[in-house]
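# Below are the sequence and a predicted model for it; my questions follow.
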Amino acid sequence: MKSSRLVPVIIIIAVAAFVIYSLQGGSDEEDYGATVQKERIDKEEFMKKGDGSPFIKDSIPFTRLHYFPIDEKYRIKAKLRAIEGKKVVLLATSDGKEENYLEYAFAEFSLDGKENQLLILELMETGPNRGKLFLAFADETSGNETYGAGRYLDLKKVPAASTVILDFNLAYNPYCAYNDSYSCPFPPRENILKVPILAGEKNYHP
């Protein structure tokens, strides 16, 4: 008799737990969207009037930045594949020069049923940026919805990590997308993806 009375109670507790879990998940999603949106608002303010803005530098009129809708599908946990015998990579730049980078690792991930990989590079320049990670990529939207010379992603170096988060909602344009006086490295051949990345910053147009 006692055990039969426990069944409805257990069911009620289980349903309540599921509802709470679902609500928490929705809250996390909303928090993520709000965080990305705040970053976009802050960047727009910087472009309008911040020291170092590529618009302020040469008195270029600024209108607004354009983005794809925020989509958690494009926040991807990728596998890091180490590179043995790392080599120096020369990347051509928008002003006809070259910049040196060091191979760091490959980020491997699946998207829209296709296996993809991106080559992550390490900065070799002297100064405070030395050793930081650099990721430039192009995709099926490049030259149409997005900047033709590719976009960038910032990554945090975590020693001994086996995975990395590629959040394409945070993909952004290099400064030469707004101002031709800047020198911007192009993505390496390995980083031209055969899938559209419908996330992050779009083409800038006045």
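Good, I have the coordinates. Numbers count the residues shown, from 1 in each chain.

# Spell out the residue ranges of the strands in this protein.
For the chain, the strands defined by DSSP state E occupy 75-82, 88-92, 98-111, 114-123, 133-137, 151-153, 163-167.

# what about stretch 121-140, distance to the chain center?
How far stretch 121-140 lies from its chain's middle: 13 Å, per C-alpha atoms, centre = their mean, to the nearest Å.

# scratch that, stretch 139-151 is what I was asking about
14 Å.

# Show me which residues of that stretch are buried.
139, 141, 142, 146, 147, 149, 150, 151 (16 or more other C-beta atoms under 10 Å). In this view, the C-beta of every residue, glycine as well, is placed from N, C-alpha and C.

# Can I get the residues you listed in TSV including distance to residue 176 and pLDDT?
Formatted as TSV, the buried residues of stretch 139-151 follow (distance: C-beta to C-beta, whole Å; pLDDT from 0 to 100):
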residue	distance to residue 176	pLDDT
139	18	98
141	18	98
142	14	98
146	14	98
147	9	97
149	7	97
150	11	98
151	12	98
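
# Can you say which of the strands of the chain is nearest to residue 185?
Between residue 185 and the strands of the chain, the shortest separation by C-beta to C-beta is 4.0 Å, and it involves strand 88-92.

# do you know which of the strands of the chain lies nearest residue 180?
strand 88-92 (15.7 Å).

# quick one: buried residues of the closest one?
89, 91.

# Quick one, grab the pLDDT at the residue lying closest to residue 44 once chain neighbours are set aside.
The shortest distance from residue 44 to any non-neighbouring residue, by C-beta to C-beta, 6 or more residues apart in numbering, is to residue 65 (5.5 Å). For residue 65, the model assigns a pLDDT of 98.

# Equivalent analysis for the one 5 residues further on, please.
The predicted structure scores residue 70 at 98 on the pLDDT scale.

# My read is that it contacts residue 168, right?
No. In this structure residue 70 lies outside contact range of residue 168 using C-beta atoms under 8 Å: 10.4 Å.

# which residues do the two both contact?
Both residue 70 and residue 168 are contacted by residue 199, under the criterion C-beta atoms under 8 Å, 6 or more residues apart in numbering.

# quick revisit: now do the phi/psi pair for the residue nearest to residue 44.
Residue 65 adopts backbone torsions of phi -90, psi 160, taken as degrees, to the nearest 10.

# Residue 97 too?
Residue 97 adopts backbone torsions of phi -100, psi -170, taken as degrees, to the nearest 10.
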